[in-house]
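Trainee: Structure for the following, please:
(one chain, ligands or ions: 2)
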Amino acid sequence: MTDYFQSSSAHWKHQTRRLANIILDFVFPPVCAHCKKPGALICSDCLAAIPWLTEPICSHCGRVVSRPMLRCAACQKNPLFPLERVRAATIFANPIPDLIHQLKYNGLFALAEPLAGLMVEAWSNWKIPVDLVVAVPLHPDREKKRGYNQSDLLVTHFCKKLNLEKGVRALQRIRNTPPQVGLNASNRQLNVANAFQADPNQVAGKDVVLVDDVCTTGSTLKAGAEALLAAGAGRVSGYCLARAL
Ligand SMILES: [Zn+2]
Ligand SMILES: [Zn+2]
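Mentor: Ligands and ions are numbered 1, 2, ... in the order given. Got it, this is the predicted structure:
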């Protein structure tokens, strides 16, 4: 019940902001979230500067490497199993960090649509098996504070554009963990261990693509994959807007 009220309050917060943004768009046409040039939320100059993730990458974790390889040095030390693989649309470099910051912390959730568009554009490069797309969830307390989950917004637009099935609360965060920022790889892994629970009714037997805005060490995706597999999912891969290196 509490969950219902929390998600309903987050929903109304989101709807109110959406309406406010529609009115603001009308009165003040959009400016580029990064360089402030008028016209679009991501202007053509900033679009042209998007640092796409391209080969050669580590085939497991998706990091950029100097030549194609099955497992990079980081994966040999700390593989992301049971995750099949991690891929991303872009590299976490200008203008992506600022755009993600605006999406997450400045309430500019309208950016989710053009940012999901980048994920759509890069998707066919990676041939990831998919029956169901699931967002990395925020803990309800954090989602309530922010009013929305940026990864869930990315998944909504992504699935709509590619006509893919979206999991709705298919993965939940059952433990409120401190942010991963500033933690090293092993502390990140400890921080998110057993933080998730998945719904077998939605995920059993399905190849799941788990979506997050940024992948740094992959610990969050890995912990999410463990929960999805425990609930009977088939293969679980990670797909992110940006790969931090
Ligand atoms: Zn711009
Ligand atoms: Zn790797």
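
Trainee: Pull the residues that contact the helix or strand containing Ala223.
Mentor: Assigned by DSSP states H and E, Ala223 belongs to helix 219-230. For helix 219-230, contacts defined as C-beta atoms under 8 Å, 6 or more residues apart in numbering pick out 80-83, 86, 134, 136, 171, 180, 185, 188-189, 191-198, 203, 208, 210, 212, 215, 236, 238, 240. Using the backbone N, CA and C atoms, a C-beta is placed for each residue, glycine as well.

Trainee: Nearest the geometric middle of this protein, what residue?
Mentor: The chain has Asp212 as the residue nearest its centroid, 1.8 Å off, counting by C-alpha atoms, centre = their mean.

Trainee: just to revisit the earlier point, any of the contacts of helix 219-230 buried? List them.
Mentor: By neighbour count, with 16 or more other C-beta atoms under 10 Å, those hold 80, 83, 86, 134, 136, 171, 180, 188-189, 191-192, 195-196, 198, 203, 208, 210, 212, 215, 236, 238, 240 as buried.

Trainee: Which members of those occur in strands, if any?
Mentor: Using DSSP state E, the subset of the buried ones among the contacts of helix 219-230 located in strands is Val86, Val134, Leu171, Phe196, Ala198, Val208, Leu210, Asp212, Cys215, Val236, Gly238, Cys240.

Trainee: re the thing from before, starting at the chain centroid, how far to the helix holding Ala223?
Mentor: 14 Å (C-alpha atoms, centre = their mean, to the nearest Å).

Trainee: Only the buried residues of it, if you could.
Mentor: Those would be Ser219, Thr220, Leu221, Lys222, Ala223, Gly224, Ala225, Glu226, Ala227, Leu228, Leu229, for helix 219-230 by 16+ other C-beta under 10 Å.

Trainee: How about stretch 139-159?
Mentor: Buried residues in stretch 139-159, counted by 16+ other C-beta under 10 Å: 139-140, 143-144, 146-159.

Trainee: Stretch 89-105 too?
Mentor: Neighbour-count burial for stretch 89-105 [16+ other C-beta under 10 Å]: Ala89, Thr90, Ile91, Phe92, Pro95, Ile96, Leu99, Ile100, Gln102, Leu103, Lys104.

Trainee: doesn't the second one fall inside a helix?
Mentor: No. The secondary structure assignment for Thr90 gives strand rather than a helix, going by DSSP: H, G, I helix; E, B strand; the rest coil.

Trainee: so what's it up against?
Mentor: By C-beta under 8 Å, 6+ apart, the contact list for Thr90 reads Ile50, Pro51, Trp52, Leu53, Ile96, Leu118, Ala122, Leu241, Ala242, Arg243.

Trainee: Nearest to ligand 2 among these?
Mentor: Arg243 (10.5 Å; C-beta to the ion).

Trainee: ok, Ser151 touching Val136?
Mentor: Yes. Using C-beta atoms under 8 Å, Ser151 is in contact with Val136, at 5.0 Å.

Trainee: so what's in contact with these two at the same time?
Mentor: Residues touching both Ser151 and Val136 by C-beta under 8 Å, 6+ apart: Val211, Asp212.

Trainee: Can you select the buried ones from the contacts of Thr90 in PyMOL?
Mentor: Here is the PyMOL command that selects the buried residues among those (16+ other C-beta under 10 Å):
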select buried, resi 50+51+53+96+118+122+241+242+243
